[in-house]
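Colleague: Here is the input, now give the coordinates:
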Amino acid sequence: MAWSIFLSAVGLLFVLEGVLPFIAPQFWRKVMQQLSIQNERALRIMGLVSMLIGLMLVCVAHDLFPDFM
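Modeller: Numbers count the residues shown, from 1 in each chain. Next comes the predicted model:
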């Protein structure tokens with residue numbers, strides 16, 4: 001059961017990651033160019049914030065649906 005949840009989460013990640021390049025490829029390209037010129041500290045902070053938001057979402061989902069998890 002745990003592996004199926006993990007694979008579902010990874011699959012959902014790929015779907016969400018692909019939405020913006022599919023819908024607005026030019027905008028996505030601009031965003032990627034802007035990210036490529038950021039310094040490492042800014043990228044690390046963005047990564048940390050992203051991980052913390054993801055962790056909070058997992059905790060909220062776990063609290064809202066304890067039987068599912």
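Colleague: From here on, just use CA atoms for contacts and neighbour counts.
Modeller: Noted.
Colleague: if I look at the most centrally placed residue in the chain, how far off is I37?
Modeller: Central residue of the chain (Cα atoms, centre = their mean): L13, 6.0 Å from the mean position. In this view, L13 and I37 are 25 Å apart by Cα to Cα, to the nearest Å.
Colleague: Over to V15?
Modeller: 26 Å.
Colleague: Which other helices and strands does the lengthiest helix in the chain contact?
Modeller: Assignment by DSSP state H gives helix 40-64 as the longest helix of the chain. Using 3 or more Cα pairs under 8 Å, 6 or more residues apart in numbering; DSSP states H and E, no helix or strand is in contact with helix 40-64.
Colleague: For that helix, buried residues please.
Modeller: Counting neighbours by 16 or more other Cα atoms under 10 Å, one finds that helix 40-64 has no buried residues.
Colleague: Show me how far that helix is from its chain's centre.
Modeller: Distance of helix 40-64 from the chain centroid (Cα atoms, centre = their mean, to the nearest Å) equals 8 Å.
Colleague: could you give me the average pLDDT of it?
Modeller: For helix 40-64, mean pLDDT rounds to 91.
Colleague: Remind me which helix or strand the residue lying farthest from the centre of the chain belongs to.
Modeller: What lies farthest from the middle of the chain is D67; by Cα atoms, centre = their mean that is 24.1 Å. Assigned by DSSP states H and E, D67 belongs to neither a helix nor a strand.
Colleague: do the same with S8
Modeller: Element membership for S8, per DSSP H and E: helix 2-23.
Colleague: Next SSE downstream of that helix?
Modeller: Remark: after helix 2-23, the chain's next helix or strand is helix 25-36, criterion DSSP H and E.
Colleague: circling back to that earlier point, hey, C-alpha coordinates of the helix holding S8 in PDB?
Modeller: Extracted in PDB, the C-alpha atoms of helix 2-23 (Å, rounded to 0.1, in the frame of the first residue of the first chain):
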ATOM      1  CA  ALA A   2       2.800   2.400   0.800                       C
ATOM      2  CA  TRP A   3       4.500   1.900  -2.500                       C
ATOM      3  CA  SER A   4       1.300   2.600  -4.400                       C
ATOM      4  CA  ILE A   5       0.800   5.900  -2.500                       C
ATOM      5  CA  PHE A   6       4.400   6.800  -3.200                       C
ATOM      6  CA  LEU A   7       4.100   6.100  -6.900                       C
ATOM      7  CA  SER A   8       0.800   8.000  -7.100                       C
ATOM      8  CA  ALA A   9       2.400  11.000  -5.400                       C
ATOM      9  CA  VAL A  10       5.400  10.900  -7.900                       C
ATOM     10  CA  GLY A  11       3.000  10.500 -10.800                       C
ATOM     11  CA  LEU A  12       0.900  13.500  -9.600                       C
ATOM     12  CA  LEU A  13       4.200  15.500  -9.200                       C
ATOM     13  CA  PHE A  14       5.000  14.800 -12.900                       C
ATOM     14  CA  VAL A  15       1.500  15.800 -14.000                       C
ATOM     15  CA  LEU A  16       1.600  19.100 -12.000                       C
ATOM     16  CA  GLU A  17       5.200  19.800 -13.200                       C
ATOM     17  CA  GLY A  18       4.000  19.400 -16.800                       C
ATOM     18  CA  VAL A  19       1.000  21.600 -16.700                       C
ATOM     19  CA  LEU A  20       2.700  25.000 -17.100                       C
ATOM     20  CA  PRO A  21       5.100  24.000 -20.000                       C
ATOM     21  CA  PHE A  22       2.100  22.500 -21.700                       C
ATOM     22  CA  ILE A  23      -0.300  25.500 -21.300                       C
END
